[in-house]
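>>> Structure for the following, please:
(chains A, B, C and D)
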2 protein chains.
Amino acid sequence: MSGTAQQNAYAYLKEQILSGALAASVQIRPEQVAKAIGVSRMPVREALLQLHLEGLVTFGANRRPFVTARSPNEIIELFEIRVALECLAVARAVPNLTDSNFEALEAQLKRMDRVTRDRPLWLELHARFHEMIYAAANMPRLLDEIRRAQAAIQPFLMMYIDLYHIPEMPGVEHASLLQILRKRDPALAATALADHIRSAASGVIYFILSGRHSGGAALSHLDPTPLNMEKR
Amino acid sequence: MSGTAQQNAYAYLKEQILSGALAASVQIRPEQVAKAIGVSRMPVREALLQLHLEGLVTFGANRRPFVTARSPNEIIELFEIRVALECLAVARAVPNLTDSNFEALEAQLKRMDRVTRDRPLWLELHARFHEMIYAAANMPRLLDEIRRAQAAIQPFLMMYIDLYHIPEMPGVEHASLLQILRKRDPALAATALADHIRSAASGVIYFILSGRHSGGAALSHLDPTPLNMEKR
DNA sequence: CGTCCCTAAAGTGTATCCACTTTTTAACGT
DNA sequence: ACGTTAAAAAGTGGATACACTTTAGGGACG
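Predicted coordinates for the structure are as follows:
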């Protein structure tokens, strides 16, 4: 409810999409959204453009906006992009990590372990944990790209941990990752991180292929039902 | 002059920026642009948003749009991102390359060699040459990301080859890259490509640090002179 | 001569309106 | 009953208008 109308529209739509409230392939009706948050179509339009460029919204025939539907292949692709980018980031970060960085990372892990209910919060903390590492690489543009790739996958991560209650039995995996980072060996760190991401990837991808994802978000091959239920 | 006003505005601004006609750090005046191409501020606004998300435009204090100024560090960073992404792409592409793909690539190289004057055209053909390789990876999203990173660097490449007349004495480097790809060894291909990109990178970065870049595009530490010269 | 304030100019965000396109509905003839 | 087409409804892109913000100038005053 703060800031410009455009930011509101953007935040609203992004939340709806990332949380899975707006399922994949669903048509977005700018007018409806506009009415819902009390602005005109224009800021919604711009928010949609922005989301489009971030890959969360697709314009179908005749510029009608849909929630982007991702094929399993595209998700695999996004994970591979993440591996490439994040390995670069961690390799560059590792020589720069200070002791106080490690303290902060440990603290963040503890914070994550304390959260066992609130899955979105855990995901948020988890994303921050990784960003804290990458930040040491001093490559802001790279961080942007990583965030973009991450956002494109998030709805699926959300569904995945939501279904399997995964907030990770007190984060052994992350703790051991941290141990490896302490060795400050770029190649080793990159390998470990690649494994880490790929293990998450395989879980998510298996989950998606198994078709267990609910109405939350859907994949491209699922029915592209329109959003509005009134008057028909 | 075709398509929607927004596309025109986008194409116009992008051309101006990529060609270096609009120097870095220069303030963009939506109204001026609008008048210049005969549309209202609105499509220009959206084009700016789009360019912003592609990294070519930055919004300064109070949302005033500027041509993005890149520090030498950011350019280095972008090249490293390219290395990461394009190595992934080539590694995945190499096993899929067919004989007809190689024929097409050879043909493209010949086309490039024939162009010695028209630098922008050469750059265009060169970009396509690389894309032809990556296309075989069957990773469209990755291709997008590569294009984005590529576009962010292009103004500097343009200035660089423009100054040094580089359209490459008949492309030995690319020919030898192609020879390596023929071996269809992903790791080898990735290494070769990394070298290839880094060699371009070091040329561009040296050129930038040497301060020989003209008024075309400027770096962040250079004077942020406004664009409009009328009425002041 | 410098500094503060006040006004004017330029910019930005966005609501509204209109022109044009696409899609749906309805009607009609076969 | 079906397909075809005409009319209506719903969208979309874009121009204009307006409210609000920021920037720049220009005195008035110290």
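>>> Just give the closest residue to the residue nearest in space to the middle of chain A, not the sequence neighbours.
Residue closest to the average C-alpha location in chain A (Cα atoms, centre = their mean): A:Gln154, at 2.7 Å. Of all residues not flanking A:Gln154 in the chain, A:Leu18 sits nearest, at 5.0 Å (Cβ to Cβ, 6 or more residues apart in numbering or on different chains). Where you see a C-beta, it was placed from the backbone N, CA and C, and this is true even at glycine.
>>> dump the residue contacts of that neighbour.
A:Leu56, A:Ala151, A:Gln154, A:Pro155, A:Met158 (Cβ atoms under 8 Å, 6 or more residues apart in numbering or on different chains).
>>> A:Ile146 reaches A:Glu86, doesn't it?
Yes. Assessed by Cβ atoms under 8 Å, A:Ile146 is found in contact with A:Glu86 at 5.9 Å.
>>> quick one: which of those two has more around it?
Shown here are A:Ile146 and A:Glu86; by other Cβ atoms under 10 Å in any protein chain shown, A:Glu86 has more neighbours (25 against 22).
>>> in which helix or strand would I find the more buried one?
Using DSSP states H and E, A:Glu86 sits in helix A:72-93.
>>> by contact count, what packs against that helix?
helix A:119-135, helix A:140-164, helix A:186-209, helix B:72-93, helix B:140-164 (3 or more Cβ pairs under 8 Å, 6 or more residues apart in numbering or on different chains; DSSP states H and E).
>>> Among those, show me which one is buried the most.
Looking across the helices and strands packed on helix A:72-93 with neighbours counted as mean count of other Cβ atoms under 10 Å in any protein chain shown, the highest average goes to helix B:72-93: a mean of 22.
>>> Please name the residues that touch the residue lying closest to A:Ile146 once chain neighbours are set aside.
If the residues on either side of it in the chain are set aside, A:Ile146 comes closest to A:Leu85, at 5.0 Å by Cβ to Cβ, 6+ apart. By Cβ under 8 Å, 6+ apart, A:Leu85 lies in contact with A:Leu142, A:Glu145, A:Ile146, A:Ala149, B:Ile81, B:Ala84, B:Leu85.
>>> Run through the residues that contact the fourth one.
For A:Ala149, the contacting residues are A:Leu78, A:Ile81, A:Arg82, A:Leu85, B:Glu145, by Cβ under 8 Å, 6+ apart.
>>> Closest one to B:Pro72 out of those, please.
Among these, A:Leu85 lies closest to B:Pro72 (Cβ to Cβ), at 20.9 Å.
>>> and chain A, which of its residues are near chain B?
Within chain A, the residues that sit near chain B (Cβ under 8 Å from any Cβ of the partner chain) are A:42, A:45-46, A:49-50, A:53-55, A:74, A:77-78, A:80-81, A:83-85, A:87-88, A:92, A:138-142, A:145, A:149.
>>> give me the subset of those touching DNA strand C.
By Cβ under 7 Å from any atom of the strand, the members of the residues of chain A next to chain B lying near DNA strand C are A:Met42, A:Glu46.
>>> Mind telling me which residue of chain A is nearest DNA strand D?
A:Arg63 (3.3 Å; Cβ to the nearest atom of the strand).
>>> The least confident helix or strand in chain A by mean pLDDT: how far from the chain's middle?
Lowest on mean pLDDT, DSSP states H and E among the helices and strands of chain A sits helix A:140-164, with a mean of 90. Distance of helix A:140-164 from its chain centroid, counting by Cα atoms, centre = their mean, to the nearest Å, is 2 Å.
>>> List the neighbours of whatever helix or strand comes next after that helix that are in contact with it.
Downstream of helix A:140-164, the first helix or strand assigned by DSSP H and E is helix A:172-182. Helix A:172-182 is contacted from outside by A:90, A:94, A:97, A:102, A:105-106, A:109, A:112, A:129, A:133, A:168, A:188-189, A:192-193, A:196, A:199, using Cβ under 8 Å, 6+ apart.
>>> And for stretch A:87-100?
A:133-139, A:142-143, A:146, A:181, A:184-187, A:189-190, A:193-194, B:80-81, B:83-84.
>>> cutoff 6 Å now
The contact list for stretch A:87-100, computed with Cβ atoms under 6 Å, 6 or more residues apart in numbering or on different chains, reads A:133-134, A:136-137, A:142, A:181, A:184, A:186, A:189-190, A:193-194, B:84.
>>> what about chain A, any weak spots by pLDDT?
Counting by pLDDT under 70, chain A shows low-confidence ranges at A:1, A:165-171, A:212-232.
>>> wait, is A:Thr58 part of a strand?
Yes. Secondary structure of A:Thr58 (DSSP: H, G, I helix; E, B strand; the rest coil): part of a strand.
>>> and the gap between A:Leu105 and B:Pro65?
Distance, A:Leu105 to B:Pro65, by Cβ to Cβ, to the nearest Å: 37 Å.
>>> A:Val83 too?
Where B:Pro65 is concerned, A:Val83 sits at a distance of 34 Å (Cβ to Cβ).
>>> likewise A:Phe156?
Distance of A:Phe156 to B:Pro65, given as Cβ to Cβ: 34 Å.
>>> Then A:Leu56?
For A:Leu56 relative to B:Pro65 (Cβ to Cβ), the value is 23 Å.
>>> ditto for A:Ile161
A:Ile161 is 39 Å from B:Pro65, where distance means Cβ to Cβ.
>>> next one: A:Val115
Counting by Cβ to Cβ, the gap from A:Val115 to B:Pro65 is 40 Å.
>>> go on, A:Gly60?
29 Å.
>>> between the two, who's got more neighbours?
Set side by side, A:Gly60 and B:Pro65 show more neighbours around B:Pro65, with 23 against 11, by other Cβ under 10 Å.
>>> Now the residue lying closest to that one once chain neighbours are set aside. Its backbone dihedrals?
If the residues on either side of it in the chain are set aside, B:Pro65 comes closest to B:Ile28, at 4.5 Å by Cβ to Cβ, 6+ apart. Backbone torsions for B:Ile28, taken as degrees, to the nearest 10, come to phi -100, psi 130.
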